[in-house]
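Build me a model from this:
(chains A and B)
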Amino acid sequence: MNKKISFSLGFGFVGLLILAFCFSRSVYAIGRKPKPFQIEVKVDFGPAGKPSHSEKIYVEKGTTPKEAVSQVFPILSGKTCCSFREIMEIGGVRVDPAKNRWWTCAVNGSKKVSPQKKKLKEGDVVEWVYVQDEQ
Amino acid sequence: MGLRSRRAIIVLVAVLIMSYYGPTLFAQDVSGRIQIESPYPIVQIIKVKKKVQDSCDEEQISKSLLVSSGGGVANVVLWLEGEFETKPFARQSVILDQRRCNFEPHVILIPQGARLKVLNSDPLAHDVRAFESANMLFRLDMDTKAKPEERNFEKSGIYVIRCGLHPWMHAFAVQAAHDFYAVTDAEGTFALKNIPAGKHMLHLWHETLGEVEIPLEANESVQDFSYTFKNTTSL
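You can find the predicted model right below:
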């Protein structure tokens, strides 16, 4: 009987400890914003003829390449392929299907990223390049 | 009936006949040739990726500026500015095919009321996208055995058609506002038929050479209309 009681007390105590830990963490989380971190944004206007731009900026956790470039240049979204959230224009330079000119995005050299979904990390280098394919 | 009354009736009938048949009686044909100043641009060749060379050839000739040996420019769109009475809507489809990884024809005229019918005659998939300026209007995922797809453009204008898989593949669909449209052939020649007599503004558009407007007086048929684009290319 005593064993049972002491086991229950011990179990309850551990439970209380876990609850207290979780509560303290959540209070801590609510009270503190995640610290902004630095990334680099490069924009190459290519055939549009505007000078290239490179800038180190601070962004919040969860920032995407699209949101990052919008901190550097005004952007315009529109459906150029698959979603209305795609980049259509950066800094007044718009995609031009007739001339086969498009905006491409790379993070740390990789183009296999979604500019609308990829969450950036500290030190990431985001490159937006205006390209013209042969036609 | 007096002589005056008879004359009045004759004049009235003549006016009625003229108002009905006049535009046709005085319609004119305008034909001619669009060219580019020498030295003529050389043909641009596009290297094709190895994995699609079986179906698309090793090289593609750029369709962006096709010039004949005599300087004639192909694929120039010509149209008259303004509003004209048009024939009843043509309930037809005009065909844009995909062959050897090219859109055929490169510039397609769509009469008012007609629809664009897109085919894929290639043994590989294409991803057809139509644009109005920078905005994509529709996308057709066309596999090897895809059924022909029909679409229409709501307003007149020049629309870009591209393949999302093969970047050189592009064409222009020209939705006509009336009957007075034409496209130059490989030699740069064209013909506009039955233009209402009078003064008009003729528009010429080419995807690389741009757009110009030329006043046109069509009081009689013209067979030797000529316009020479400046060679602004660095080819």
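
Quick one: low-confidence residue ranges for chain B.
B:1, B:3, B:11, B:13-26, B:88-90, B:234-235 (pLDDT under 70).

near chain A, which residues of it show up?
B:44, B:46, B:62-64, B:129, B:131, B:133-136, B:139, B:160, B:162, B:164, B:167-170, B:172, B:207 (CB under 8 Å from any CB of the partner chain). Just so you know, the C-beta spots here come from the backbone N, C-alpha and C atoms, and that holds for glycine as well.

What are the boundaries of the helices in the chain?
No chain was given, so I picked chain A. Counting by DSSP state H, chain A has helices at residues A:2-31, A:65-70.

To clarify, I was referring to chain B.
B:3-25, B:53-56.

mind giving me the domain ranges of chain A?
A:1-32, A:37-132 (automatic domain parsing).

ok, now which ones touch B:F103?
For B:F103, the contacting residues are B:96-97, B:161, B:163, B:169-171, by CB atoms under 8 Å, 6 or more residues apart in numbering or on different chains.

Which PyMOL command selects the buried ones in the residues of chain B next to chain A?
The PyMOL command for the buried members of the residues of chain B next to chain A (criterion: 16 or more other CB atoms under 10 Å in any protein chain shown) is given here:
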select buried, chain B and resi 44+46+62+63+64+129+131+133+134+136+160+162+167+168+169+170+172+207
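
how about the residues of chain A that lie near chain B?
Residues of chain A lying near chain B (CB under 8 Å from any CB): A:78-82, A:88-89, A:94-98, A:100, A:133-135.

Tell me which of those residues has the lowest pLDDT.
Ranked by pLDDT, the residues of chain A next to chain B bottom out at A:C82 (80).

Tell me how many other residues surround that one.
As a burial measure, A:C82 scores 11 neighbours (other CB atoms under 10 Å in any protein chain shown).

circling back: weakest of the helices of chain A in terms of mean pLDDT?
helix A:2-31 (a mean of 62).

pretty sure B:V183 is touching B:A173, no?
No: if you go by CB atoms under 8 Å, B:V183 and B:A173 don't touch, sitting 11.4 Å apart.

Strands of chain A, start to end?
Ranges of strands in chain A, per DSSP state E, are A:37-44, A:53-59, A:75-77, A:87-90, A:93-94, A:101-107, A:125-132.

looking at these, which is buried most?
strand A:87-90 (a mean of 21; mean count of other CB atoms under 10 Å in any protein chain shown).

Could you report the neighbour count for residue 73?
Going with chain A. Considering only other CB under 10 Å, A:F73 is surrounded by 18 other residues.

wrong chain, I was asking about chain B
By other CB under 10 Å, the residues close to B:V73 number 26.

same deal with B:A191?
B:A191 has 14 nearby residues by other CB under 10 Å.
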